[in-house]
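Undergrad: One predicted model, sequence on top.
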Amino acid sequence: MKLDADRGDTLLRSPLLQRFPCLLGEPTASETLSRLDSELAWEQPRLRLYGREHPIPRRQVWMGDGEAYYRYSGQGFQPVPWHTDVAGIRDAVVERLATAGVAARFNSVLLNRYADGEERMGWHSDDEPELGPDPLIAAVSLGAERPLRMRWRQGSGVAFNVWLPHDSLLLMGPGVQRQLQHALLPRRIPGLRISLTFRWIWPNSRRD
Ligand SMILES: O=C(O)CCC(=O)C(=O)O
Ligand SMILES: [Fe+2]
């Protein structure tokens with residue numbers, strides 16, 4: 001059982017897309033979900049889309065080391081300091097990936113809070129310049145199981161769903177952002193979901 005969790009589930013070999021179950025275990029995973037929900041200062045910034053401003057259809061917190069300044073849709077985000085639980089999840093991710101033979105480091109995380117299946121994130125790749133040319137991104141899911149929809153940016157490959165159960169980890173390896181886009185589309189799935197997408201922001205890449 002332990003071995004299977006360590007090896008995970010390889011969804012794509014090139015670029016590497018791999019899903020691991022049971023990152024934190026219970027009751028830690030469920031307790032962490034409710035602590036993050038109640039303790040973090042969730043924000044709903046307004047972003048400009050096609051010349052009009054809209055509140056994002058979810059809530060978020062940008063967290064990390066002080067140097068991990070990030071620009072996204074024309075706005076800058078200064079990270080809030082690490083919450084103890086989130087630092088613990090970061091360390092568990094690094095350890096699980098190391099066991100799977102993947103070396104990774106993270107100085108920042110975007111936490112996304114989806115109150116229910118109506119809340120969502122549109123099509124995008126995580127390809128901002130501060131992430132470097134071929135970022136490795138690790139996404140942890142807590143709460144309601146929803147599919148991350150993936151589609152190829154070029155060619156005729158078919159789109160597919162990656163279901164992300166409570167307490168799972170999805171590794172998006174180098175090349176995933178360059179070759180694919182992903183989205184969390186609205187679905188009739190009830191329940192709170194919080195995702196944590198861990199990244200490495202190159203220090204001194206501030207663009208403003
Ligand atoms: O909520 C998710 O699983 C997707 C989050 C995401 O794509 C991101 O934070 O860039
Ligand atoms: Fe993303």
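TA: It's in. What you see is a predicted model, and the numbers here were worked out from it, not measured in a lab. Numbering: from 1, shown residues only. Ligands and ions are numbered 1, 2, ... in the order given.
Undergrad: which residue is nearest the centroid of this protein?
TA: The centroid of the chain falls nearest to residue 197 when counting by CA atoms, centre = their mean (2.3 Å).
Undergrad: who does that residue bridge with?
TA: Note on residue 197: beta-bridge partners by DSSP bridges are residue 110, residue 139.
Undergrad: could you pull out the helices for the chain?
TA: Assigned by DSSP state H, the chain shows helices spanning 2-7, 28-39, 84-99, 176-179.
Undergrad: Quickly compare those and say which is most buried.
TA: With neighbours defined as mean count of other CB atoms under 10 Å, those peak in mean count at helix 176-179, which reaches a mean of 20. The way it works is simple: take the backbone N, C-alpha and C, and place the C-beta from them, glycine included.
Undergrad: near ligand 1 at all, that helix?
TA: No: using CB under 6 Å from any ligand atom, helix 176-179 never reaches ligand 1; the gap is at least 9.5 Å.
Undergrad: one step back: if I pick the residue nearest to the centre of the chain, what's in contact with it?
TA: Residues counted as contacts of residue 197 (CB atoms under 8 Å, 6 or more residues apart in numbering) are 109-110, 112, 126, 137-140.
Undergrad: Repeat the analysis, applying 7 Å as the threshold.
TA: For residue 197, the contacting residues are 109-110, 137, 139, by CB atoms under 7 Å, 6 or more residues apart in numbering.
Undergrad: Mind giving me the ChimeraX command for buried ones among those residues?
TA: To isolate the buried ones among the contacts of residue 197 in ChimeraX, judged by 16 or more other CB atoms under 10 Å, type:
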select :109,110,137,139
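Undergrad: So which of the contacts of residue 197 would count as near ligand 1 as well?
TA: 110, 139.
Undergrad: As a markdown table, the contacts of residue 197 with distance to residue 84 and pLDDT would be great.
TA: Putting the contacts of residue 197 into a markdown table (distance: CB to CB, whole Å; pLDDT from 0 to 100) gives the following:
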| residue | distance to residue 84 | pLDDT |
| --- | --- | --- |
| 109 | 13 | 97 |
| 110 | 18 | 97 |
| 137 | 22 | 98 |
| 139 | 20 | 98 |
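Undergrad: Looks like residue 149 contacts residue 181 (just checking).
TA: No: the pair residue 149 / residue 181 is not scored as a contact, 8.8 Å apart, by CB atoms under 7 Å.
Undergrad: mind checking which of the helices of the chain is nearest residue 51?
TA: Nearest of the helices of the chain to residue 51, taken as CB to CB: helix 176-179 at 26.0 Å.
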